[in-house]
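1. below is the structure, and that's it, no one-letter string:
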C-alpha cells in the first residue's frame, strides 16, 4: 500500500455536527482533500500550533507532551492515518528514541496536533484517500475583487 503525504489546508466549524470542527487535509501531490471531524479542544490546539505568534500562558496538553518527549529524547518522526472504520480515522505516531522506532496508537486529531509541534510529516494510505477524499470545487468565474 502506498503512502500519500498530506498537509493541513485549514479548520472550519462543522456544518454537520454541533460543537465540532472539520480539519481539512490536502494531498501534497494532488487535489483531493481529506475532511476529518475533530473536537473543539483539538481544533484549538491545532490552530494555536499553526499560528506561530500565539503562545498560551501555560502549556496545552499537546505542548506538555512535546516538552516531555524532548526531555526524554523522544521524537515523533511521522504520523500515519492508517485506517478508516465507520467514519472514524485511526492514526499512529511513529516515534524514535535511541535509534529504536516505536509505533503508538493515537487519535487522529491528537496525532496531527503533535505532528505540528514536532514538524513531522502526515501520511495516509492511498486506499483511505480513495474512499474518503473529496474534491472541493473552486469557481473560476468568481471574482476575488469586490466591485464598487
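-> Done, it's in. Bear in mind the structure is a predicted one, so any value in this text is a computation, not a measurement. Numbers count the residues shown, from 1 in each chain.

2. from here on, contacts and neighbour counts on C-alpha atoms
-> Noted.

3. output the below-cut-off pLDDT ranges for this structure.
-> Counting by pLDDT under 70, the chain has low-confidence residues at 137-148.

4. check contacts around the residue positioned nearest the centre of it.
-> Centroid-nearest residue in the chain: residue 112, 3.6 Å away (criterion: Cα atoms, centre = their mean). Neighbouring residues of residue 112 by Cα atoms under 8 Å, 6 or more residues apart in numbering: 46, 79, 122.

5. spell out which helix or strand contains it, please.
-> Secondary structure assignment for residue 112, by DSSP states H and E: helix 108-118.

6. next SSE downstream of that helix?
-> Next element after helix 108-118 (DSSP H and E): strand 122-125.

7. what lies in contact with the helix or strand following that following strand?
-> As assigned by DSSP H and E, the chain's next helix or strand after strand 122-125 is helix 126-132. Residues outside helix 126-132 that contact it (Cα under 8 Å, 6+ apart): 1, 2, 3, 4, 32, 34, 35, 82, 83, 84.

8. show me just the buried residues among these.
-> 3, 4, 32, 34, 35, 82 (16 or more other Cα atoms under 10 Å).

9. and the helix holding residue 112, how far out from the chain middle?
-> The chain centroid and the centroid of helix 108-118 are separated by 6 Å under Cα atoms, centre = their mean, to the nearest Å.

10. next: stretch 122-137.
-> Relative to its parent chain, stretch 122-137 has a centroid offset of 13 Å by Cα atoms, centre = their mean.

11. wait, doesn't residue 76 sit right on residue 116?
-> No. Using Cα atoms under 8 Å, residue 76 is not in contact with residue 116; the gap is 10.0 Å.

12. neighbour count for these two, which is higher?
-> More crowded of residue 76 and residue 116, by other Cα atoms under 10 Å: residue 76, with 26 against 20.

13. what's the closest non-adjacent residue to that one?
-> Leaving aside its chain neighbours, residue 76 sits nearest to residue 95 (4.3 Å; criterion: Cα to Cα, 6 or more residues apart in numbering).

14. try residue 26
-> residue 33 is the one closest to residue 26 (Cα to Cα, 6+ apart), at 4.5 Å.

15. please consider this matter closed, and thank you.
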